[in-house]
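K.L.:
Return a 3D structure for these sequence lines:
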Amino acid sequence: MIIITGVRLAGKVDAVPRVGHVATRFFHLYYVPLIPLGTVLVVDPESETGLPLPLSMKSVLAAWLRSAAWVGLILGAFLGVTRLADNNPERALRGLALAATSAVALVPLYRLRFFRAASYERAMEIVRLAGLSPEQRLMLEVAYGRMNADQAEREWMRQYEQQVAGSV
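P.N.:
The predicted structure is shown next:
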């Protein structure tokens, strides 16, 4: 019997425009996230590398709820089909109801803005916790419509001039 375990990212939440998204590293068993090991700001989705952040309960909860819904969908469909083949329509209906309920639960878990996108305040907190540069913070100001590009450029020049004046 093959047992699949390891560490992987799950619980993708709080996408920050032009920066990345928050996810949590989990110890998994058969790709079901079990034990959270730490949260990161994923800046390169290809390599899944990230900057460490404090543990995000939102990410952990999203991973566990999504996994539970997927397990319910698969288990319900399996039970529904096998009980139907056993000519047990009442149990088949229960299994298919579990599958349908799980499928309906998956939609908001992946599509709700609460899970997908970071609010302005949360995005600024993530950027601060990850220690990103002032330029990236200004890019967020523009992305969230708090500044236009000209205002951000003027602010960047002001910060640059202050830094140069402070180092002389």
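
K.L.:
Spell out the residue ranges of the helices in this structure.
P.N.:
For the chain, applying DSSP state H gives helices covering 57-85, 89-111, 113-116, 120-130, 134-143, 149-167.

K.L.:
could you give the angle of the fourth one to helix 57-85?
P.N.:
It stands for helix 120-130. 110 degrees (axes from the mean of the first three to the mean of the last three Cα atoms, to 10 degrees).

K.L.:
Report all helices and strands that helix 120-130 contacts.
P.N.:
Helix 120-130 makes packing contacts with strand 5-16, strand 32-44, strand 49-53, helix 134-143 when contacts are defined by 3 or more Cβ pairs under 8 Å, 6 or more residues apart in numbering; DSSP states H and E. Placement of C-beta: from N, CA and C, glycine included.

K.L.:
So for Val22, which of those sits nearest?
P.N.:
strand 5-16 (4.2 Å; Cβ to Cβ).

K.L.:
what's the pLDDT at the closest residue to Tyr30 other than its chain neighbours?
P.N.:
Among residues not flanking Tyr30 along the chain, Ile4 sits closest, at 5.1 Å (Cβ to Cβ, 6 or more residues apart in numbering). pLDDT recorded at Ile4 is 93.
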